[in-house]
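A.B. asks: Make a model of this:
(chains A and B)
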Amino acid sequence: MAEELYDIEVAVPENPIESFLRMDRMPHIWCPGCGIGTTVNCFARALETSGLDLDKVAIVSGIGCTGRVAGYVRLDSFHTTHGRAIPFASGLKLANPSLKVVVYSGDGDLTAIGGNHFIHAARRNLDMTVILINNFIYGMTGGQVAPTTPIGASASTAPHGSFEEAFNLPFLAESCGAVYVARWTAYHVRHLTKAIKEALLKKGFSFVEILAPCPTLYSRRNKLGDGLDQMVYYKNSSEIKNGAETKSVALDLQGKIIVGKFVDKERPTYIDAMNEHFRKRLGDRYIPSDENKEPNPCLERKSRSAASAGRASF
Amino acid sequence: MHADPTGVLAGAHFMDGDHACSEGAMAAGCRFVAGYPITPSTEVVERIAERFPYIGGIFIQMEDEIASSIAIQGAAWGGIKAMTVTSGPGFSLMMEHIGLAAITETPCVFVDVQRAGPSTGLPTMPAQGDMMQARWGSHGDYEIIALSPNSPQECFDLTIQAFNLSEKYRVPVLFMMDECVGHMIERVVIPPAEEIEIVERRMYGGPKEGYQPFEAGRDLVPLMVKAGDGYRIHVTGLTHDERGYPNMSVGAQAKLVQRLVDKIRLHADEIVQFQEHDVDDADVVVVTYGITSRTAIPAIEQARAKGMKVGHLRLVVVWPFPEKRIRALADRVKAFVVPEINLGQMVYEVERCAAGKSKVILVPHGGGTVHQPKDIYTAIEKSLRGK
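C.D. replies: Presented below is the predicted three-dimensional model:
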């Protein structure tokens, strides 16, 4: 008789973002209190309201806790090698410019091992959105020091505390040429959702840094409490300063966090610059790649110009 | 299927192997190249950079070889044929991504114009020191295909073949040139497009429901889709199941890795390619590849002129290795002579297949030049002496 009590059917509403997730891969690997899932929720809501055709959105991750995002999102998704999400995404975008390409990865992946690719993709203004989850630590491998670990914070490979200057990532991104730069935390879900949507719709290299708790390996080790305590810290110590100079937004251990949209400017993307340059230099002998064509009468002459191209240049 | 005439510079040319390789790639339908400058391979990408705007290709000089070797894989999943080009030190940097291409079954071509190493070594001078690295350089178990051209003409012809094999088996194909072949200038005849056979990627076009991107048929090679086709695929370098989903089980590992290896090993007879000359009556067979297949010829001719029964077996496809043929020869020849511009690499494969049934004599060369034919001749002579 007692069992019947549990047979009562309760209508459980479907989570509105379930259609964005590979539900057959749940449960995910992230720890209780981790901020990554919250950011994925914001990402899903941003995608939902962006109006983008989800069949044309591809997501690329590197390796690490955040690197697992690509595997949980129901998009064309690529889980690549450590640090190399951006160059993979570069090839994907150049080969198929009709795609909206999103890189979703962690601070260690994108700015330590992948730092060189980050700066060059920003310099080229490759048309992609880079969402970087900064949890100040290498989570997947067990809490090692990262280029983002604040001075004084302890990590498994900096057991006496880190003494290296940490990256100020919005400043790095802006100085390399990113056209959209914002920082929010996992606490600021509405601002963050809006920022991701803006970044997705921005043409060029857009960058969103998201501070997110790593209770298991960062805040526990540093006696900063659990995930909720980190959220309280984000709430109490964040100051929204849209348009702040990025050089002034460096972070320190449990210090003030400047959040907001710092950069939103226009610059020709890599593909636009390439097309414009070659059209100017080569005229109608320039043949953009198949996916890269705009309605342009000169393309009707493809076969003729192709036939003459070899003779003209060699 | 025939080549797209847009990329085919038909006619007779006088060009070096590097340029011929570029032309081969363009004729094969390659429309994405990522590279980083490194001697002696740079001429390949220089010509690509010059020609691509006229044929609808995209060339990007990446920030390093690591980036180049994964940008091509992004491009492949974007739906086009892609290649990267490098030499020794850059080839070392690319190893992780050969493994990625192997496990994600991404068709792409890696060109390595070999120079003498290790490390910076002799940047402008030839060697064949990357042959084992080509086979084993990335960690874990996998198979690749590698070809070794010996002339600018072959740099053209075999580059096309490299792309065709890559598309057919969804495997990274390594194009193992060397500085001599890369910088040697000879006549190269590029046939008209309709005479060039091209293998196009086999794409899946069926229903989205229930689609499993890594489910292979009897040939063990899954059909491919590209990003943006609406299939919402997941592609990972983690061990994965047929859905492409990570699966950290011993069973999934065994199944995936076995198929990755078997799809090449079980097709080895179709892939293996070698050339033979005077092997039928031979007492000794000189086994060569790349430029060494040409430096060995005067030595072999001289030995035959003196009455020695010398044959020549030249590997065109180096990996997979022609095991069956070497085993069969080992049953009846006295010796194999293996000149290589390294201190012994492919010779180990010959020894393995000879299995003690015939002598195997290495003619080593540390690199910097090609062999002196007399060194190969001396080895032939020695191989016929005694037992």
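
A.B. asks: Enumerate every residue touching the residue lying closest to residue B:283 once chain neighbours are set aside.
C.D. replies: Take residue B:283 and drop its neighbours on the chain: the residue closest to it by CB to CB, 6 or more residues apart in numbering or on different chains is residue B:309, 4.3 Å away. Where you see a C-beta, it was placed from the backbone N, CA and C, and this is true even at glycine. Applying CB atoms under 8 Å, 6 or more residues apart in numbering or on different chains to residue B:309 gives the contacts B:278, B:281, B:282, B:283, B:284.

A.B. asks: which among these gets closest to chain A?
C.D. replies: Set against chain A, the nearest of the contacts of residue B:309 by CB to the nearest CB is residue B:278 (39.4 Å).

A.B. asks: Assess the claim that the closest one and residue B:313 are in contact.
C.D. replies: No - with contact defined as CB atoms under 8 Å, residue B:278 does not reach residue B:313; the gap is 9.9 Å.

A.B. asks: Show the average pLDDT along stretch B:223-235.
C.D. replies: The average pLDDT within stretch B:223-235 is 97.

A.B. asks: can you check stretch B:100-116 too?
C.D. replies: On average, stretch B:100-116 scores 98.

A.B. asks: Tell me if that stretch is near chain A.
C.D. replies: Yes - interface with chain A: stretch B:100-116 contributes residue B:100 (CB under 8 Å from any CB of the partner chain).

A.B. asks: Give me the buried positions along that stretch.
C.D. replies: B:100-116 (16 or more other CB atoms under 10 Å in any protein chain shown).

A.B. asks: do the same with stretch B:330-338
C.D. replies: Here stretch B:330-338 shows B:330, B:333, B:334, B:335, B:336, B:337, B:338 as buried, counting by 16+ other CB under 10 Å.

A.B. asks: Stretch B:351-360 too?
C.D. replies: Those would be B:351, B:353, B:354, B:358, B:359, B:360, for stretch B:351-360 by 16+ other CB under 10 Å.

A.B. asks: okay, residue B:278 and residue B:313: which has more neighbours?
C.D. replies: residue B:313 (25 against 16; other CB atoms under 10 Å in any protein chain shown).

A.B. asks: any idea how far the more buried one lies from chain A?
C.D. replies: 37 Å (CB to the nearest CB, to the nearest Å).

A.B. asks: So for that residue, what's the pLDDT?
C.D. replies: Value listed for residue B:313 in the pLDDT field: 98.

A.B. asks: just the one 5 residues further on next, same as before
C.D. replies: Looking at residue B:318, its pLDDT reads 98.

A.B. asks: In a strand, it, correct?
C.D. replies: Yes - counting by DSSP: H, G, I helix; E, B strand; the rest coil, residue B:318 is found in a strand.

A.B. asks: Can you report how many residues neighbour it?
C.D. replies: The burial count for residue B:318: 25, using other CB under 10 Å.

A.B. asks: so it makes contact with residue B:292?
C.D. replies: No - the criterion here is CB under 8 Å, and residue B:318 misses it with residue B:292 at 11.6 Å.

A.B. asks: helices and strands of chain A: which one bottoms out on pLDDT?
C.D. replies: helix A:302-313 (a mean of 36; mean pLDDT, DSSP states H and E).

A.B. asks: so how far is stretch A:96-110 off the chain centroid?
C.D. replies: Here stretch A:96-110 is found 6 Å from its chain centre; the criterion is CA atoms, centre = their mean, to the nearest Å.

A.B. asks: hang on, the earlier thing: narrow the contacts of residue B:309 to those in strands?
C.D. replies: Cross-referencing the contacts of residue B:309 against strands under DSSP state E gives residue B:284.

A.B. asks: Drop anything exposed from the contacts of residue B:309.
C.D. replies: Buried, going by 16+ other CB under 10 Å: B:278, B:282, B:283, B:284, out of the contacts of residue B:309.

A.B. asks: mind listing what the third one touches?
C.D. replies: When you say that, I think you mean residue B:283. Contacts of residue B:283 by CB under 8 Å, 6+ apart are B:308, B:309, B:310, B:333, B:334, B:335, B:384.

A.B. asks: which two from those residues end up farthest apart in space?
C.D. replies: B:308 and B:333 (12.2 Å; CB to CB).

A.B. asks: For the longest helix belonging to chain A, what is the distance to the chain centroid?
C.D. replies: Secondary structure assigned by DSSP state H gives helix A:36-50 as the longest helix of chain A. Centre-to-centre, helix A:36-50 and its host chain are 12 Å apart (CA atoms, centre = their mean).

A.B. asks: Next secondary structure after it?
C.D. replies: Per DSSP states H and E, helix A:36-50 leads on to strand A:57-61 as the next helix or strand towards the C-terminus.

A.B. asks: Output the contacting helices and strands for that next one.
C.D. replies: helix A:69-72, strand A:76-79, helix A:85-95, strand A:100-106 (3 or more CB pairs under 8 Å, 6 or more residues apart in numbering or on different chains; DSSP states H and E).
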